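Peer 1: test case, fold it:
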Amino acid sequence: MAQRYGVTTMFTLSGGHVFPLYDGAVKADPPLRLVDVRHEQTAVFAAEATARLTRTPGLAVVTAGPGVTNSVSAVTGAWFNGAPLVVLGGRAPDYLWGKGALQELDHVPLLAPVTKRAWTEHAAGRVAGSVDEAFRLALTPHRGPVFLDFPLEAIFGAETVDLPTSAGLLPAAPPPDAADVAVIAALLQAARRPVLVLGSDVWLGRAETAALGCAEALSLPVITNGQARGVLPRGHSLLVTRARSLALAEADLVIVVGVPLDFRLKYGSFGPKDAPAQVVHVADSRAGIAAHCPLAASAAGDLTAFFTSVAGSVAGSVAGSVTGSVAGSVTGSVTGSVTGAGRRPGGDPEWLTRLQDAARVSAAADAPLLASDADPIHPMRVYGELLRVLDDDAVVIGDGGDFVSFAGRLVEPLRPGRWLDPGPYGCLGTGLGYALAARLAHPTSQVVLMLGDGAAGLSLMDADTLVRHNLPVVMIVGNNSAWGLEKEPMRAIYGYDVAADLRPGTRYDEVVRALGGAGELVTAPADIAPALRRAFASGVPYLINVITDVAAAYPRTTTGV
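Peer 2: This is a model prediction of the structure:
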């Protein structure tokens, strides 16, 4: 059933309650690849990352009781990220329910708040239909995780049934209402300082080409967020993510597409205090439209249709006004701008230039630290060396706090679908699962996992999984011996800190070596580049353990992770 939705891999940790699912996977034609991990959360993180990277459903299978409860944080992350994920669980038998069977627990109430649907299928004859429904529901906008478990009688039972015929035929998201698009187009025509913010659903909804085309047609400054990184490739003239503070503080119109108006976007509060920006929110379903802040307009539906419609509406209105003009010189000027740079009449002609200049100044200010020879190593130097050796199709993953905040600022992909971070739920421990998925999804690309030393403690044992399944990944640990995002703020508030220190110099590289991979310790800036060369050439899971300066924090309000 799973293959009919493009699923090729089952992530799991072995458990007797779900043996029939393994049997079905290995005997399928073609069989599902089984990747067994060392903690259930890694299985679900890997399935979630598969969904986010490939835009096909991720599949995780967990055993009853602790197998399910170990997965809850990862399911919750998928819920916040809108990832199409199916989690299938085992369950104690119905005929023993209430008697204290092994791992007897009603999982559904635990998963219901963080899934699109959570339910138990009790009848063997309905297992196939329920699984089909789970995949369809996970993929229907707004996408998200679905949980389904089976008592032993149902999953071990045998019954002849007809498979659902609708598998793979997903309902298309409807286009946004034409009246809503018209209002947004009118706001764009009137705006002097507009900004377009693109979020992960632009990528997940396969709207990246239309988004780029719309931005270019209308000459809109763009800020990318989450998995929308790369929709405008690194170096694009309209990409002003590095100037996001200025852009969001001075814009008079902010159009946010495919991302919630949450803490990452100032809860939808933009523009000067005395003249707040008008805010437009666009989502793939009506339930995703913000209700906590005033909106000038909103639209819900297929995001490709939205971008195409709004670009066409604005261009059409401009063309109409130009056609009606009696000033030939004005006609020529406006027509040239629409077909060329796409500038809208009435817009501030200096707005984009100001943002471009601010982005360049921001990048230039980073240059000294990217080449810093400071001892201990400044975290920026690690990124300075990494950025020199990343291929155009590299996948970069961030799992951590202080050290990974630099990645959010500095890593700008050349193409979409090549960046992964935990998302707005902010759950650490995603890294090894995400790396598993990235290596399987992109077997010939560089896969780099940036790990904080705190985050490493939550998932590093799954380097064993990378080794066992022959999945080479380069892991870089920023080892500052602290929970950096907590240590400095607590000191600022109380004048001291507690529960924020880790053991100095812990040899995370030796952990990976002990598990069958490779790695090394780096304590000098000049040794970073050679270590990276060895890691990428090794062909095995390889961890570079870089001792960094805990005091070298960077302002994280500008990262936009």
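
Peer 1: other residues contacting the strand or helix carrying residue 150?
Peer 2: For residue 150, the host element (DSSP states H and E) is strand 145-151. The contact list for strand 145-151, computed with C-beta atoms under 8 Å, 6 or more residues apart in numbering, reads 48, 64, 68, 75, 78-79, 83-94, 97, 107-108, 111, 114-122, 127, 130-131, 134-135, 137-138. C-beta coordinates here come from the backbone N, C-alpha and C atoms, glycine included.

Peer 1: got it, and stretch 496-504?
Peer 2: 453, 454, 457, 481, 482, 483, 486, 487, 488, 490, 491.

Peer 1: just the buried ones from these?
Peer 2: Among those, those buried by neighbour count (16 or more other C-beta atoms under 10 Å) are 453, 454, 457, 481, 482, 483, 486, 487, 488, 490.

Peer 1: min pLDDT across those residues, which one?
Peer 2: Ranked by pLDDT, the buried ones among the contacts of stretch 496-504 bottom out at residue 488, which has 88.

Peer 1: how close does that one get to residue 263?
Peer 2: Going from residue 488 to residue 263 by C-beta to C-beta, to the nearest Å gives 19 Å.

Peer 1: can you pull out the helices in the stretch 101-250 of the chain?
Peer 2: Ranges of helices in the stretch 101-250 of the chain, per DSSP state H, counting those that start in this stretch, are 108-111, 127-139, 152-156, 178-190, 200-204, 208-218, 244-250.

Peer 1: using PDB, write out every CA atom in the fifth one.
Peer 2: Yep, that's helix 200-204 we're talking about. Taking C-alpha atoms only, helix 200-204 is exported to PDB below (Å, rounded to 0.1, in the frame of the first residue of the first chain):
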ATOM      1  CA  SER A 200       8.200  25.900   4.000                       C
ATOM      2  CA  ASP A 201       4.800  25.200   2.500                       C
ATOM      3  CA  VAL A 202       5.900  26.900  -0.800                       C
ATOM      4  CA  TRP A 203       8.400  24.000  -1.200                       C
ATOM      5  CA  LEU A 204       6.100  21.300   0.300                       C
END
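
Peer 1: buried stuff in that helix?
Peer 2: Buried-residue list, helix 200-204, by 16+ other C-beta under 10 Å: 200, 201, 202, 203, 204.

Peer 1: now swap in the shortest one and tell me
Peer 2: Taking 16+ other C-beta under 10 Å as the basis for neighbour counts, the residues of helix 108-111 that come out buried are 108, 110, 111.

Peer 1: how about the last one?
Peer 2: Across helix 244-250, burial judged by 16+ other C-beta under 10 Å covers 244, 246, 247, 248, 250.

Peer 1: what does the fourth one give?
Peer 2: Taking 16+ other C-beta under 10 Å as the neighbour-count basis, helix 178-190 is seen to contain the buried residues 180, 181, 182, 183, 184, 185, 187, 188, 189.

Peer 1: same list, the helices of the stretch 101-250 of the chain, but as a markdown table with mean pLDDT please.
Peer 2: Below are those laid out as a markdown table (pLDDT from 0 to 100):
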| stretch | mean pLDDT |
| --- | --- |
| helix 108-111 | 98 |
| helix 127-139 | 95 |
| helix 152-156 | 95 |
| helix 178-190 | 97 |
| helix 200-204 | 98 |
| helix 208-218 | 97 |
| helix 244-250 | 97 |
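
Peer 1: how about those in JSON lines, adding distance to residue 524?
Peer 2: Below are the helices of the stretch 101-250 of the chain laid out as JSON lines (distance: least, C-beta to C-beta, whole Å):
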{"stretch": "helix 108-111", "distance to residue 524": "48"}
{"stretch": "helix 127-139", "distance to residue 524": "48"}
{"stretch": "helix 152-156", "distance to residue 524": "55"}
{"stretch": "helix 178-190", "distance to residue 524": "52"}
{"stretch": "helix 200-204", "distance to residue 524": "38"}
{"stretch": "helix 208-218", "distance to residue 524": "41"}
{"stretch": "helix 244-250", "distance to residue 524": "34"}
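
Peer 1: nearest to residue 367, of those helices?
Peer 2: Residue 367 lies closest to helix 244-250 among the helices of the stretch 101-250 of the chain, at 19.0 Å (C-beta to C-beta).

Peer 1: can you name every helix or strand that the following helix or strand past the closest one contacts?
Peer 2: For helix 244-250, the succeeding helix or strand toward the C-terminus, using DSSP H and E, is strand 253-257. Helices and strands touching strand 253-257, by 3 or more C-beta pairs under 8 Å, 6 or more residues apart in numbering; DSSP states H and E, are helix 178-190, strand 194-198, strand 278-283, helix 303-323.

Peer 1: try 6 Å
Peer 2: With contacts taken as 3 or more C-beta pairs under 6 Å, 6 or more residues apart in numbering; DSSP states H and E, strand 253-257 sits against strand 194-198, strand 278-283.

Peer 1: out of the ones you listed, flag the one nearest residue 365.
Peer 2: strand 194-198 (21.5 Å).

Peer 1: just checking, what packs against the closest one?
Peer 2: Using 3+ C-beta pairs under 6 Å, 6+ apart, the elements in contact with strand 194-198 are strand 222-224, strand 253-257.

Peer 1: same list, these, but as JSON lines with mean neighbour count, mean pLDDT and distance to residue 235 please.
Peer 2: Output for these, formatted as JSON lines (neighbours: other C-beta atoms under 10 Å; pLDDT from 0 to 100; distance: least, C-beta to C-beta, whole Å):
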{"stretch": "strand 222-224", "mean neighbour count": "26", "mean pLDDT": "98", "distance to residue 235": "13"}
{"stretch": "strand 253-257", "mean neighbour count": "26", "mean pLDDT": "98", "distance to residue 235": "22"}
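
Peer 1: switch the ones you listed over to a markdown table; also include distance to residue 294.
Peer 2: Formatted as a markdown table, the helices and strands packed on strand 194-198 follow (distance: least, C-beta to C-beta, whole Å):
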| stretch | distance to residue 294 |
| --- | --- |
| strand 222-224 | 21 |
| strand 253-257 | 12 |
